[in-house]
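Student: okay, structure incoming, though there's no sequence with it:
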């Protein structure tokens, strides 16, 4: 007799050959990005100065339902996809829940996260356009690592501005990127005007994601054959990440399972947006009752305590205005080990879906509760989750406990976006009992929200 | 049209349900372990004082061809096996070789290496016997991590003696084990007599694997319901690791492929022994012409410069005498980042097979050449290999280059035993051009070989 499956891996030939473009099915499309000076929608040619042409087109395309995945990207996907869909039998047992818990595990590649899905596409299109290289920023380092790997594969130069405090605290993360041939610059640096200005004012600053974005953009503009690339928030990134949800749904279908609840962590929204894409489609097209839950850090609560408004994507205010749930681009999140979720804004697609109540619920969780979940999960399932991903685990465990209390055997799917090998400082702090939660005060939030641009 | 496969993952129900016991097919069995005082073969009841009973039986069993994998171990295997068999298309292209290169990738689980295959079995048997806990030693930390995970799964206490210099240099490795609930003791410690004696003589020592083994054994003997476990060298460990080769061969068969060359790295021999097991069977039973090549570090060259003789397994001379290729148990390997290969001896099974020319060839490689191969592989294949595993990559690349030069399209299979996430210090040293090779002098080797016990 066959045992219930633990890890379901689709055969290679069943990797989806198209990305699904959520926007095609949205009744209210995400609002257009605005030119920050002229307050009118950004034009394709303007975006092409920032992003590779095909990516700029994808950013603006809210009507094509499916976008074919190019052969070069498919070839690369075949080296790390399909990712496994896992049944958390041991966790279910530990929680004594009648719920079935599945997780789509995207950490099973060398970059350690789902970021590689979009890095592959972005590096591919840049190379196809004949570009020489790309620049980007990285905080926790997952995106920088993914992009370094993809650039090594496609033969593209890669310059990563890494928030200085991260570059210093995570020398090994930096070394991984260098192993894949990327050039790492600790930000702020003296290689850009933005960086020099900041250093002149504050020579001892540890940097910020906002500053690193500005430096990466300035560098891309100044180098022949370079463009800037981004690992989350943008519509084209969510398009690429739809491969996560498409595969998860294929695998569930294959097993005759149907998710009652889909849970993801949200920082910029790329993992949750990708995971939930086909489930949103089912809701919008077929009236499916699947419940969609996002979990964000209480230290950086853009959904639960932010405002749905136009804002800048970076602290340096170099980006177009983006309509999203935001805490204000000057918001400085408190110490939290889930570096990948420390972003003031949120994907415009997810923002609109939350505003329209298609994304049913968002929870904000403190990091101690999140690490409780991470360690419970690690010991039961033998997988070491990234702190970011552990937010989704927290949500899944809470739903599974509720099922136990209510005696209902629901099917829960959550997104395990990545692994925590480079987050052991955080685990150590938790194990040693030294971890604390930082929740911004109302006054702090009011101050940063007061800085929103007047664009509505 | 289906593309050539990149990653072949057998379906879960095809995980082998028995381990293959290489010794059953060996014409010359590996020599018996000897009681160090009485110089006669160790008895089962003596071994049962050290190891869990079932493991002691497996250690002595050189006739059963297959050993059924218990249900509890199978259930755990299903959470991380089958491991993928990957085709290194990008590496082949980079090398412009007509050879086909496959690798069996065992790093695709949270412990990051193949060690989990045996940790699972050892923890299971200890729990089934009603034991309370196990002790072990760890150097690089891969074995300690695997055992911590398996003990968390089976509900067993786990005490790991970690070579002090490693515990200090790799605090994150230590934190991973603690996350899985293991108790880590930096060795030498004041918790054992062996440790206290060593500290009294040399308070500043950074410890050694030999000392950690002695402390782990002393601790197991002193604690009610405890046994000692080991992650390599022993016959029962190689038995468990045969799952690697069995799966690899099943997958190759499925693809209609036949390996001409099988390559593995060797420290204690557990990965190579497991990988090559069914291929050895083909040679011994069916006259297969497959060529078996082991690659060891030039800094610790037990096969290529050692002696095939009885020796102790540890520096403290607490273990039985084991007949193996050895550099002498007092050999201190020079600095090498492949910590998992820094062992003076070698599996008795592999030793006998090499002596009998079934294992065709052993190469010793310097670590700079090994890291050349590691970085070439990482950039092409998008997988970050452990320094240990990179020895096998070096061998595979050299064979692929030879195929290019000779114009022969051979099929190469190598064992990628694990990932290098916790070895970034080594990568950084390589990237910065600061890596050096340490080759022991003839005088150094002669001195340590002079200490071999008189047991033959």
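Tutor: Received the coordinates, thanks. These numbers were taken from a predicted model, which means no experiment stands behind them. Residues are numbered from 1 along each chain as shown, chains lettered A, B, ... in the order given.
Student: how many neighbours does residue A:210 have?
Tutor: 25 (other CB atoms under 10 Å in any protein chain shown). (C-beta placed from N, C-alpha, C; glycine too.)
Student: with adjacent residues omitted, what lies nearest to residue A:207?
Tutor: residue A:164 (3.8 Å; CB to CB, 6 or more residues apart in numbering or on different chains).
Student: I'd say that neighbour and residue A:208 touch.
Tutor: No - judged on CB atoms under 8 Å, residue A:164 makes no contact with residue A:208 at a distance of 9.1 Å.
Student: for the stretch 51-200 of chain A, list the residues in contact with chain B, please.
Tutor: Counting by CB under 8 Å from any CB of the partner chain, the stretch 51-200 of chain A comes close to chain B at A:74-75, A:78-80, A:86, A:89-90, A:108-112, A:149, A:152-153, A:171-172, A:175-176, A:178-181.
Student: which of the residues you listed fall in strands?
Tutor: Among these, the members found in strands (DSSP state E) are residue A:86.
Student: which of the residues of the stretch 51-200 of chain A next to chain B fall within helices?
Tutor: A:74-75, A:89-90, A:149, A:152-153, A:171-172, A:175-176, A:178-179 (DSSP state H).
Student: show me which of those residues are buried.
Tutor: Neighbour counting by 16 or more other CB atoms under 10 Å in any protein chain shown classes A:74-75, A:89-90, A:149, A:152-153, A:172, A:175-176, A:178-179 among those as buried.
Student: just flag the most distant two among these.
Tutor: Farthest pair in those (CB to CB) is A:89 and A:178. Separation: 39.2 Å.
Student: okay, the buried ones among the ones in helices among the residues of the stretch 51-200 of chain A next to chain B in a markdown table with pLDDT next?
Tutor: Shown next, in a markdown table, are these (pLDDT from 0 to 100):
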| residue | pLDDT |
| --- | --- |
| A:74 | 96 |
| A:75 | 92 |
| A:89 | 93 |
| A:90 | 92 |
| A:149 | 96 |
| A:152 | 95 |
| A:153 | 92 |
| A:172 | 88 |
| A:175 | 93 |
| A:176 | 94 |
| A:178 | 95 |
| A:179 | 94 |
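Student: how about the residue of the stretch 351-456 of chain A found nearest chain B, what does it touch?
Tutor: The nearest approach of the stretch 351-456 of chain A to chain B comes at residue A:424, 3.6 Å away (CB to the nearest CB). Residue A:424 sits next to B:171-172, B:175-176, B:179 when contact means CB atoms under 8 Å, 6 or more residues apart in numbering or on different chains.
Student: and chain A, which of the residues you listed contact it?
Tutor: Answer for those near chain A (CB under 8 Å from any CB): B:171-172, B:175-176, B:179.
Student: quick one: residue A:102 is in a strand?
Tutor: Yes - judged by DSSP: H, G, I helix; E, B strand; the rest coil, residue A:102 forms part of a strand.
Student: count of residues packed around it?
Tutor: By the criterion of other CB under 10 Å, residue A:102 has 24 neighbours.
Student: and the nearest residue to it once chain neighbours are set aside, how many neighbours?
Tutor: What sits nearest to residue A:102 in space, not counting adjacent residues and going by CB to CB, 6+ apart, is residue A:413, at 4.8 Å. Using other CB under 10 Å, residue A:413 has 29 neighbouring residues.
Student: sec struct for residue A:413, please.
Tutor: strand.
Student: is it true that residue A:135 touches residue A:226?
Tutor: Yes - assessed by CB under 8 Å, residue A:135 is found in contact with residue A:226 at 6.1 Å.
Student: neighbour count: these two, which is higher?
Tutor: Legend: neighbour count by other CB under 10 Å for residue A:135 and residue A:226, higher for residue A:135 (27 against 20).
Student: hmm, back to that, with distance to residue B:293 added, can I get the buried ones among the ones in helices among the residues of the stretch 51-200 of chain A next to chain B in TSV?
Tutor: TSV is the format used below for those (distance: CB to CB, whole Å):
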residue	distance to residue B:293
A:74	34
A:75	30
A:89	40
A:90	39
A:149	29
A:152	28
A:153	28
A:172	32
A:175	30
A:176	29
A:178	31
A:179	26
